[in-house]
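In: Structure for this input, please:
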Amino acid sequence: MFGLEKEKKKVEKFHFDLEVEIAKNPSKGQELLQLAEKKVEELKTLLRAGGSNEDFDQYGMLLHGFSALQRVLKKVVNATKEKG
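Out: So this is what the prediction gives:
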């Protein structure tokens, strides 16, 4: 429209630093994934043990964060396996 259709620019795909680092060193991705799994298990143990309400809320937030990290790492690690 208005002569702008001629200017199609190729947009490069954005890669996060973590993706680039894992692509260079796939074993680093596995290490980080194992570390996240270990932390999730530790947090689940702490939550099962109980404690004060404030600690419980903080452990819950950390658990959600590490769970999200696990999901992201699994996707990145699987993507690097498919490429290489």
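
In: how about the helices of the chain, start to end?
Out: 17-24, 26-49, 53-83 (DSSP state H).

In: Kindly reformat those helices as TSV containing distance to residue 11.
Out: Placement of C-beta: from N, CA and C, glycine included. As requested, the helices of the chain are arranged in TSV below (distance: least, Cβ to Cβ, whole Å):
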stretch	distance to residue 11
helix 17-24	17
helix 26-49	26
helix 53-83	19
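
In: Would you reformat those helices as TSV and include distance to residue 9, mean neighbour count and mean pLDDT?
Out: Output for the helices of the chain, formatted as TSV (distance: least, Cβ to Cβ, whole Å; neighbours: other Cβ atoms under 10 Å; pLDDT from 0 to 100):
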stretch	distance to residue 9	mean neighbour count	mean pLDDT
helix 17-24	23	14	89
helix 26-49	32	14	92
helix 53-83	25	14	89
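
In: who's in contact with residue 32?
Out: Residue 32 is in contact with 22, 69, 73, counting by Cβ atoms under 8 Å, 6 or more residues apart in numbering.

In: What is the nearest of those residues to residue 81?
Out: Closest to residue 81 out of the contacts of residue 32 is residue 22 (10.4 Å), distances taken as Cβ to Cβ.

In: And the closest one, how far from residue 14?
Out: Going from residue 22 to residue 14 by Cβ to Cβ, to the nearest Å gives 15 Å.

In: do the same with residue 30
Out: 24 Å.

In: circling back: from the contacts of residue 32, pick the one nearest residue 59.
Out: residue 69 (15.3 Å).

In: Might one say that the closest one is in contact with residue 36?
Out: Yes: the criterion here is Cβ atoms under 8 Å, and residue 69 meets it with residue 36 at 5.0 Å.

In: Which residues lie in contact with the closest residue to residue 67 other than its chain neighbours in this structure?
Out: In this structure, residue 67 finds its nearest non-sequential neighbour in residue 40, 6.3 Å apart by Cβ to Cβ, 6 or more residues apart in numbering. Contact analysis of residue 40 by Cβ under 8 Å, 6+ apart lists 63, 66, 67, 70.
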